[in-house]
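> Kindly return the folded structure for what I paste below:
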Amino acid sequence: MIRTVKIIIYHLASNPKKLFLADGLGAFLTAFLLFVVLRKFNEYSIMPETILTYLSIIAVFIGIYSITCFKLLKENWTPFIIAISIANRLYCILTIGLLLVYQNTLTILGITYFIIEIVIIFGLAYIELEVARSFKQNRINGHQYLKCSQASS
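All right, here's what the predicted structure looks like:
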């Protein structure tokens, strides 16, 4: 499992555009599930519709940010990856808080949906931070390498 995560991190560090694309598509999928599916079948989750609407709006903004990064960024990925990772973690913390607030009205199906969503998004946020660390580490190592090679010249 750890090896698989390291392979994913290495792959995404070599092509960070895919990370932004995956994050953006996932955010739009979350928004669709919250706004369309869970609202339509709300008797199976019992989360207030206004809460589902607000969560879907947040997911849309995260999706727009990620897709914009996917389309426009050419370099200097690290601060943007860190920003999306923080946004994803904050979204998860908000969702955990809402689970606690509405725990008495949520059904098992609703709780299960939100827990699965939280696990997936926290996992993605972890991978995003590891990719950002990989960028920073490679930049530091490359900079140190340049200093060493210049000193030996």
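> What spatial separation is found between residue 33 and residue 59?
Distance, residue 33 to residue 59, by Cβ to Cβ, to the nearest Å: 9 Å. Using the backbone N, CA and C atoms, a C-beta is placed for each residue, glycine as well.
> of the two, who's got more company?
residue 59 (23 against 17; other Cβ atoms under 10 Å).
> Can you name the helix or strand that residue 20 falls in?
Take DSSP states H and E as the rule and residue 20 turns out to sit in helix 16-32.
> burial count for residue 41?
Per other Cβ under 10 Å, the neighbour tally for residue 41 reads 11.
> swap that for residue 64, please
13.
> mind checking the SS state of it?
helix (DSSP: H, G, I helix; E, B strand; the rest coil).
> gap between it and residue 20?
11 Å.
> Tell me the first helix or strand C-terminal of the helix holding residue 20.
helix 39-40.
> Mind giving me the packing neighbours of that next one?
helix 49-72 (3 or more Cβ pairs under 8 Å, 6 or more residues apart in numbering; DSSP states H and E).
> Tell me which residues of the helix it packs on come out buried.
51-52, 55-56, 58-60, 62-63, 65-67, 69-70 (16 or more other Cβ atoms under 10 Å).
> cool, and stretch 17-35?
Those would be 19-24, 26-28, 30-31, 33-35, for stretch 17-35 by 16+ other Cβ under 10 Å.
> One more: stretch 39-48?
Neighbour-count burial for stretch 39-48 [16+ other Cβ under 10 Å]: 45, 47.
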